[in-house]
Each structure stands twice: as structure tokens, then as C-alpha cells.
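J.: Here is my input; please provide its structure:
(one chain, ligands or ions: 1)
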Amino acid sequence: MSSHSSSRRLMAPDIRALKGVRPVVSLTSYHAHTAAIADKYCDFLLVGDSLGMVMHGYETTVPVPLELMIMHGRAVVRGAKRALVVVDMPFGTYEESPSVAFRNAARVMKETDCGAVKLEGGRRMAETVDYLVQRGIPVMSHVGLTPQSINVIGGFKAQGRKQAEWAALEEDARAIADAGAFAVVLEAITAPLAARITAGIPIPTIGIGASANCDGQILVMEDMLGLSPRVPKFVREFGAIGAAIEGAIRSYSDEVRSGRFPAEEHTYTMKPGEDAAGEASGESVSPPPRVTKKPKTAST
Ligand code: KIV
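T.: The predicted structure follows:
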């Protein structure tokens, strides 16, 4: 896909309207400069709570605080001008009740200026999705593997690998579509199940590890750039940024140690008429004299 052509920022209904028209393209984004690049090619950017693992070194997304989502959400909204920006609600900020979810989601929208929030869960979150949408907050849902439930699931495991599991996952997707979600992320589910869900609901399914049988795709940007030390089976590394970063840092360190950097072209010269000893201005360029404090003694 080349860059999209809309001249205004896309909104949740624009993403919803892409179902059956063309594939929805999206990436996660946590950072203003990379958001500005991805903005040219993506329909929406997700400030995912995976930022806790990718940027902040947590083992799971469970510890991620709301403030971190807001901080990165602001950066991405500043960087991206046209893509819809969706901010993940982190664990513990929305599950308790629809009103708690509304209070925190409204804070995210007001403080980041994003266009929608995402929350994990199917049937169990349907009432909350409806509550938020009725009050002006567009919601993207997330079913299949829901990483915030890692401690219940027992690992990052693909879902729907047994036919007996399909009905529950299909009901989850239908429930949040009926509740008014504008799109749903399907994470780590099998291809035939993704096909059934995609055919069975009127909102776009956005796959991550859910096959080509979805209405769109999302990947974690650092994973597809080749920056993450480990990636799941479903990731294709479209770049090798980790190796490029290491090569650049190795060259920098070699050049500093050998005295080749900084060179003359990286160095400021004095203004014409000034000389390096500071005689024309009368200012001294030698460092100020060091003041040594007298040590206190017990008798003073
Ligand atoms: O947090 C995240 O990056 C996500 C994607 C896996 C969709 O939710």
C-alpha cells in the first residue's frame, strides 16, 4: 500500500467504513518521529500497551500505568497528522465498571487528543463498550489472545486451535460488534476461525497473528522493523533496524576512541575578529578557578 489520500485526520467511522472496501493498514507507535513516518502509510496508529514491554522493559503489559499511555499517546498524536490514533487502556483502568472505564477513557481522550481507545475482552466488556460509545468514546475491541490476561491464560498462547473453543471466541466478537465497537483486533487465532469471525460481524477485524483472513493487519512497529530481540512466529521482520543501530553505535565508539570524531566540520569556529584566547572580547576562555571548600572539623 502506498500513502493514503485523505486530507483530514481519519476518525473511527472512517475505519469502520473500510470493511469490504480495502485492507486496513496499521502499526503500533509510541514515538512522535516514527509516528510521522508511519502516518503516511497507515490508516490508524495504535499506542499499544505493548510499549511497556517494547520501550520500558516490563515482562508483560500488566504493570503499565495510565500515565505512560497518556505520555506516549500525546507524542504520537503530535507526530501523526492524518491517521486515526487509538490509545490502549491499560490493565486495571477499565474492567471494574463502565463508569470507571468512562472516567479513565475520557481522561485519555482529553489529555492525548486521540480519536479512540482500545480495550481487551469480548462478552465480558460488551456493557462497557456500549456505555463508552453512547457517551462519545469510540472503542476498538481486542479478542483472541488478550495479553493483559496472561496470568490467567498462563502464557502468550494461540487461541482457537481446537474447534471446541471457536464458539466462545465468535460470541465475543459478535458481542462487542453489537455493543458498538468500530473495529476489533484479533490476536493469535487460527486462520479458519479468523475467516468465520470476519464473515460474521459487520466491523473490520484487524489481525495480528490471525492470518490474511482479516479485514486489516497490525504489527508492533519495533517487531517488524527488526528491533525487538525476540519476536512471535507471526511477525515478519521487514527491516533490520537493530543491526543498523548497533553498526552505527559501533562506528561512533571506534571514531571517538581513535580521535577521528568530532572532526573539524563538527566543530564551532570563533566569530571573525575574535580569537581563541578571547582577547577581542576581553572574556577569558580558560575554565573558572576551582573553589575548594574547607573541610569542617569537629571543633568548628
Ligand atoms: O499493545 C499492543 O501492541 C496491541 C497489539 C498487539 C494489537 O494491543
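J.: so does stretch 12-28 get close to the ligand?
T.: Yes - for stretch 12-28, a contact with the ligand is found by CB under 6 Å from any ligand atom, at T28. Every C-beta, even on glycine, is put in place using the N, C-alpha and C of the backbone.
J.: per-residue pLDDT, the nearest residue to A35 once chain neighbours are set aside?
T.: Distance criterion CB to CB, 6 or more residues apart in numbering; nearest residue to A35, sequence neighbours excluded, is G79 at 3.2 Å. Looking at G79, its pLDDT stands at 98.
J.: Quick check, G79 in contact with H31.
T.: Yes - using CB atoms under 8 Å, G79 is in contact with H31, at 7.2 Å.
J.: More neighbours: the two, which one.
T.: Between G79 and H31, G79 has the larger neighbour count (other CB atoms under 10 Å), namely 21 against 18.
J.: phi, psi of V139?
T.: Dihedral angles of V139 (phi, psi; degrees, to the nearest 10) stand at phi -120, psi 130.
J.: At the contact with the ligand, which residues of the stretch 51-200 of the chain appear?
T.: Going by CB under 6 Å from any ligand atom, the residues of the stretch 51-200 of the chain near the ligand are D88, H142, V185, E187.
J.: does the third one count as helix, strand or coil?
T.: I take that to be V185. strand (DSSP: H, G, I helix; E, B strand; the rest coil).
J.: Just list whatever residues bridge to it.
T.: Beta-bridge partners for V185, by DSSP bridges, are H142, I206.
J.: So which residues of the protein form helices?
T.: Assigned by DSSP state H, the helices in the chain fall at 12-16, 32-38, 51-54, 66-79, 98-112, 126-134, 150-153, 166-179, 191-200, 221-224, 241-258.
J.: Pull the contacting residues for the closest residue to the ligand within the chain.
T.: In the chain, the residue that lies nearest the ligand is G48 (2.4 Å; CB to the nearest ligand atom). For G48, the contacting residues are T28, Y30, D88, K118, V220, by CB atoms under 8 Å, 6 or more residues apart in numbering.
J.: mind putting these in CSV, pLDDT and neighbour count included?
T.: CSV is the format used below for the contacts of G48 (pLDDT from 0 to 100; neighbours: other CB atoms under 10 Å):
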residue, pLDDT, neighbour count
T28, 98, 28
Y30, 98, 27
D88, 98, 28
K118, 98, 24
V220, 98, 23
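J.: Show me which of these is closest to G226.
T.: For the contacts of G48, the closest approach to G226 (CB to CB) belongs to V220, at 11.7 Å.
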